[in-house]
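**Student:** everything below, folded, please.
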Amino acid sequence: MNHPPPPEPAIRILLADDHSVVRLGLAALISSEPGFTVVGQASDGCEAVAQYRALRPDVILMDLLMPNKSGARAAAEIRADFPQARILILSTSDGDDDIYRALQSGALGYILKSSPGEQLIPAIHAVMRGEKWIPPEVARSLANRIMREELSPRELQVLEELARGGSNKEIASVLLITEHTVKAHLKSILAKLPARDRTEAVTVALQRGIIHL
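**Tutor:** Numbering: from 1, shown residues only. Okay, the predicted model is just below:
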């Protein structure tokens, strides 16, 4: 007598998002799909790393912009300890620098929260197989990032101080450099983004995810 093959084990998923309503919605959507089970939830990046170490899920579905530790930093930490970890970023940000940073940190996929809900399950399956999941709109942003010149660490510091409303003199004082050096960095920042002035530079940097307030 032939016996039916045993059912495939459920894909074990860890959810990490700082908004409880989002976590509840994701848990409900995923749990309604056959072959999926939510094994844990985390509310920030630090908790996501700890939960991953404790639960060893098959896939972690993680927000990018979380308190205490970003999704990119959490992903990098997880991948450092567990190179085979399968991480899918689910974010509101379509900024090219955010996407680039997430994929550089070891995430296999990146999906926007504004995407149709039916994209999520195929994305989880793809990541579970160890495949990349980069939708067309994410790929376009990523292509823009690759074509642009990268800001130096010092230029990023100047830009962050600029976003806090610092004058050239104040930025120079905070970073322990001269005002002349600040002006030189600002000129380079405007050329690389590109932007016409300080206000536009901050706006562009926020939109692209280069900096966050």
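
**Student:** what lies in contact with stretch 47-60?
**Tutor:** 11-16, 39-42, 62, 66, 68-69, 71, 74, 77-78, 81-82, 85-88, 124, 127-128 (Cβ atoms under 8 Å, 6 or more residues apart in numbering). Heads up, the C-betas are built off the backbone N, CA and C, glycines and all.

**Student:** please apply the same query to stretch 75-93.
**Tutor:** Identification of contacts with stretch 75-93 by Cβ under 8 Å, 6+ apart yields 17, 26, 48-49, 52-53, 56, 58-65, 69, 71, 98-99, 102, 105-114, 120, 123-124, 127-128, 130, 133, 209.

**Student:** for this protein, what's the longest helix?
**Tutor:** helix 179-192 (DSSP state H).

**Student:** right, and Leu14 touches Phe36 too?
**Tutor:** No - at 11.9 Å, Leu14 does not count as touching Phe36 under the criterion of Cβ atoms under 8 Å.

**Student:** quick one: which of those two has more around it?
**Tutor:** Comparing Leu14 with Phe36 by other Cβ atoms under 10 Å, the one with more neighbours is Leu14, at 23 against 19.

**Student:** for Lys169, give its distance to Ser70.
**Tutor:** Distance, Lys169 to Ser70, using Cβ to Cβ, to the nearest Å: 31 Å.

**Student:** so between these two, which is more surrounded?
**Tutor:** A count of neighbours by other Cβ under 10 Å puts Ser70 above the other of Lys169 and Ser70, at 21 against 10.

**Student:** over to Arg164: give its phi and psi.
**Tutor:** Backbone torsions for Arg164, taken as degrees, to the nearest 10, come to phi -80, psi 0.

**Student:** low-confidence stretches in this protein?
**Tutor:** Filtered on pLDDT under 70, the chain yields the residue ranges 1-7.

**Student:** now the helices for it?
**Tutor:** 20-31, 45-55, 71-81, 96-104, 120-128, 136-147, 153-163, 168-175, 179-192, 198-208.

**Student:** which residues touch the residue positioned nearest the centre of the chain?
**Tutor:** What sits nearest the mean C-alpha location of the chain, by Cα atoms, centre = their mean, is Leu64, with 3.4 Å. By Cβ under 8 Å, 6+ apart, the contact list for Leu64 reads 70-72, 89, 91, 93, 98, 102.

**Student:** for Val182, see how far away Ser167 is.
**Tutor:** 9 Å.

**Student:** the more surrounded of these two?
**Tutor:** Neighbour totals were compared for Ser167 and Val182, and Val182 leads with 24 against 13 (other Cβ under 10 Å).

**Student:** what's the burial count for Ser114?
**Tutor:** Ser114: 9 neighbours (other Cβ under 10 Å).

**Student:** start at 57 instead
**Tutor:** All set: I'll call the first residue 57, so the last point we hit is now Ser170.

**Student:** quick one, what contacts it?
**Tutor:** Ser170 makes contact with 148, 150, according to Cβ under 8 Å, 6+ apart.

**Student:** one more: Arg79?
**Tutor:** Arg79 sits next to 71, 73, 97, 99 when contact means Cβ under 8 Å, 6+ apart.
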